[in-house]
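Trainee: Return a 3D structure for these sequence lines:
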Amino acid sequence: GTVGASLIRIIEADAKAISRKLGRDIVISAVSARSRSRDRGVDISKINFFDDPVALARSQDVDLFVELMGGEDGPALASVTAALERGCPVVTANKALLARHGVALAKIAEENDTQLGFEAAVAGGIPVIKTLREGLGSATINRVYGIMNGTCNYILTRMGAEGIGFAECLKDAQALGYAEADPTFDVEGFDTAHKLAILASLSFGTEIATDQVLVEGISRITQADIRVAADLGYKIKLLGMARRSEHGIEQRVHPTLVRKTSAIAGVDGVLNAVALETDHVSELLLAGPGAGGDATAASVLS
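Mentor: Take a look at the predicted model:
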């Protein structure tokens, strides 16, 4: 797919820099995909091709398995499980897989003394997972929230700036490749909910519970909503939010009024942003490209 092809391009173009940083080379020894012959903009003719991704995951010639297929079950789950069970480290960009099976896969990795890396699964090129794991010291996270879907952010930005309706903005987003032919997963908030579940698990040390996230999308937002919000000094953003409460961890996704003067209100277009509130830092905002082949592939490579 798009991210896999971008990853190959980056590894080939940056080979010398990668070797200098790591002290070793990264070599793409095999690939698997639905089609062997499709033009991807990269030459895979000299790379060993597997029709079955599970067979690739089990190959002893592979030291690291990278899963970029997508989907919470099927070949993605089967191949990642197969790699981890033989002690092969895995890197994935698959938020649906992790939201549904992340805890179980982490246990398999631990049992087999290997690693499961998933920086690219949330917010594309923004290093939010590394920040959560390594960048906060002993700080306790009290709340995590953000704009986690570029399609929704693009639509709401256009609606606010140009006074046009949801349907027209969605059609443009599809024409530009920002939205899928069936945009339900994005515009109804499910993509954001999957990413939020992963962030909540890391932030609060909880097991992931995607089915317990309150989810509302943006398809019912109208120009009247946009205008009233603007008159009151707000923008509308689709936010995923998780926080500690007296009753446990609260997780929700819905259109939210944010003050025009706030930092997150300035994150427009297809950009993403994740904000962390801790007992040591009142708010840390990470923003950048949340999707796209190159941005996601760079995160996979890291």
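Trainee: Name the residue most distant from the centre of the chain?
Mentor: Note on the chain: the largest C-alpha distance from the chain mean falls to residue 231, namely 33.1 Å (CA atoms, centre = their mean).
Trainee: what's the model's confidence in stretch 64-71, averaged?
Mentor: On average, the pLDDT along stretch 64-71 is 92.
Trainee: Mind exporting the C-alpha coordinates of it to PDB?
Mentor: Output of stretch 64-71 as PDB, limited to C-alpha atoms (Å, rounded to 0.1, in the frame of the first residue of the first chain):
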ATOM      1  CA  LEU A  64      11.800  -7.800  11.900                       C
ATOM      2  CA  PHE A  65       8.200  -8.000  10.600                       C
ATOM      3  CA  VAL A  66       6.400  -4.800   9.600                       C
ATOM      4  CA  GLU A  67       2.600  -4.900   9.200                       C
ATOM      5  CA  LEU A  68       1.000  -2.200   7.100                       C
ATOM      6  CA  MET A  69      -2.100  -4.100   5.800                       C
ATOM      7  CA  GLY A  70      -4.700  -2.700   8.100                       C
ATOM      8  CA  GLY A  71      -7.800  -4.300   9.500                       C
END
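Trainee: buried residues in that stretch?
Mentor: Across stretch 64-71, burial judged by 16 or more other CB atoms under 10 Å covers 65-70. Glycine gets a C-beta too; all of them are placed from N, C-alpha and C.
Trainee: One more: stretch 113-124?
Mentor: Within stretch 113-124, the residues scored as buried using 16+ other CB under 10 Å are 114, 116-124.
Trainee: how about JSON lines for the buried residues of stretch 64-71, with secondary structure and distance to residue 51 added?
Mentor: Formatted as JSON lines, the buried residues of stretch 64-71 follow (DSSP: H, G, I helix; E, B strand; the rest coil; distance: CB to CB, whole Å):
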{"residue": "65", "secondary structure": "strand", "distance to residue 51": "16"}
{"residue": "66", "secondary structure": "strand", "distance to residue 51": "17"}
{"residue": "67", "secondary structure": "strand", "distance to residue 51": "16"}
{"residue": "68", "secondary structure": "coil", "distance to residue 51": "17"}
{"residue": "69", "secondary structure": "coil", "distance to residue 51": "13"}
{"residue": "70", "secondary structure": "coil", "distance to residue 51": "18"}
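Trainee: Show the contacting residues for residue 123.
Mentor: By CB atoms under 8 Å, 6 or more residues apart in numbering, residue 123 lies in contact with 146, 148, 195, 272-274, 286, 288, 290.
Trainee: go again using 7 Å as the cut-off
Mentor: 148, 195, 272, 274, 290 (CB atoms under 7 Å, 6 or more residues apart in numbering).
Trainee: most surrounded residue in those?
Mentor: When neighbours are counted by other CB atoms under 10 Å, residue 148 leads the contacts of residue 123 with 30 neighbours.
Trainee: Of the contacts of residue 123, which is the nearest to residue 102?
Mentor: Proximity of the contacts of residue 123 to residue 102 (CB to CB) peaks at residue 195, which lies at 11.7 Å.
Trainee: so which helix or strand takes in the closest one?
Mentor: helix 190-204 (DSSP states H and E).
Trainee: repeat for residue 26
Mentor: Going by DSSP H and E, residue 26 is not in any helix or strand.
Trainee: Equivalent analysis for residue 252, please.
Mentor: Counting by DSSP H and E, residue 252 is part of strand 248-259.
Trainee: Can you tell me the strand partners of the following helix or strand past that strand and which way each runs?
Mentor: Downstream of strand 248-259, the next assigned helix or strand under DSSP H and E is strand 271-278. Strand 271-278 has its sheet partners listed here by DSSP bridges as strand 141-147 (antiparallel), strand 284-289 (antiparallel).
Trainee: Run through the strands of the stretch 51-200 of the chain in chain order.
Mentor: 65-67, 90-92, 116-117, 141-147 (DSSP state E, counting those that start in this stretch).
Trainee: For the longest one, give me every contacting residue.
Mentor: Contacts of strand 141-147 from elsewhere in the structure, counted by CB under 7 Å, 6+ apart, are 153, 199-200, 203-204, 237-244, 264, 267, 272-279.
Trainee: Would you mind checking those for buried ones?
Mentor: Buried among the contacts of strand 141-147 (16+ other CB under 10 Å): 153, 199-200, 203-204, 237-243, 264, 267, 272-278.
Trainee: What residues does residue 112 make contact with?
Mentor: Residues in contact with residue 112 (CB under 7 Å, 6+ apart) are 84-85, 87.
Trainee: that older thread, among the buried residues of stretch 64-71, which one lies nearest to residue 76?
Mentor: Nearest to residue 76 out of the buried residues of stretch 64-71 is residue 69 (CB to CB; 4.7 Å).
Trainee: Excluding covalently adjacent residues, which one is nearest to that closest one?
Mentor: Spatial nearest neighbour of residue 69, excluding adjacent residues (CB to CB, 6 or more residues apart in numbering): residue 76 at 4.7 Å.
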